[in-house]
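Chemist: heads up, no residue letters with this:
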């Protein structure tokens, strides 16, 4: 079974600074997908970024980028120019398997606080 | 607007009183899933559905039922709720199992 580990329960960053959230996963599969979801105080789950394992290029979405290290099974999220609105819980998630075995597995989350 | 909706958003009930949380999506997605979120545990899958009339257990199915009679709807049923089912529940859908899942707004349930 796949596992996803987020080793930083809480982090803090000052506005306009850069912060990196770490995520590691364990799998024997070669083809899979990785995601970062953001959960603000509203509790809505919002997709931040998605990475396909077969792509070597790291995904980017505006101020959000990932460092995907397939061999190390690492998938960190970098937030540049942090804004107050980035304050949220961030979940790393792994999607593997095929057909009926496809499953989205979440880490336990990192709570990010952006301060003035 | 493409979205996943859940109702109710908040619910307080008592032990043993059957309840249903509805989930509906308007994106013609094949795949739908229910999760529960508990502090320190992240989101865990309860049940999922590959298509109409096709459902299967996730990691924590005990105490829950689901049905998928129509493509757009995937209700979660608690036949006899217990306090350990107090949680935040999310419905999600995707075009196919290997595609990005989009989440509903969540339902906060308190079982007394």
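Modeler: Structure received. Because the structure is predicted, anything quoted here is derived from the model rather than measured. Residues are numbered from 1 along each chain as shown, chains lettered A, B, ... in the order given.

Chemist: now the strands: where do they sit in chain B?
Modeler: For chain B, strands defined by DSSP state E occupy the ranges B:4-7, B:10-13, B:19-25, B:31-38, B:42-51, B:54-57, B:65-66, B:76-78, B:87-94, B:102-103, B:107-111.

Chemist: for the first one, buried residues please.
Modeler: If I follow you right, that is strand B:4-7. By 16 or more other Cβ atoms under 10 Å in any protein chain shown, the buried positions in strand B:4-7 come out as B:4, B:6. Any C-beta I mention is one placed from the backbone N, CA and C, and that applies to glycine too.

Chemist: how about residues contacting that strand?
Modeler: The contact list for strand B:4-7 (Cβ atoms under 8 Å, 6 or more residues apart in numbering or on different chains) reads B:21-25, B:27, B:89-93, B:102-107.

Chemist: report the beta-bridge partners for residue A:75.
Modeler: Beta-bridge partners for residue A:75, by DSSP bridges, are residue A:68.

Chemist: up against chain B, what does chain A have?
Modeler: Within chain A, the residues that sit near chain B (Cβ under 8 Å from any Cβ of the partner chain) are A:4, A:33, A:35, A:37, A:42-47, A:50, A:91, A:95, A:97-100, A:102-104, A:106-109.

Chemist: just the buried ones from the residues you listed?
Modeler: Among those, those classed as buried by neighbour count (16+ other Cβ under 10 Å) are A:4, A:33, A:35, A:37, A:43, A:45, A:50, A:91, A:95, A:97, A:102-104, A:106-109.

Chemist: residues contacting residue B:103?
Modeler: Residues in contact with residue B:103 (Cβ under 8 Å, 6+ apart) are A:37, A:44-46, B:4, B:90-92.

Chemist: from those, pick the one nearest residue B:69.
Modeler: Of all the contacts of residue B:103, residue B:69 sits closest to residue B:91, with 15.4 Å by Cβ to Cβ.

Chemist: these two touch, right, that closest one and residue B:73?
Modeler: No: Residue B:91 is beyond contact range of residue B:73, at 9.9 Å (criterion: Cβ atoms under 8 Å).
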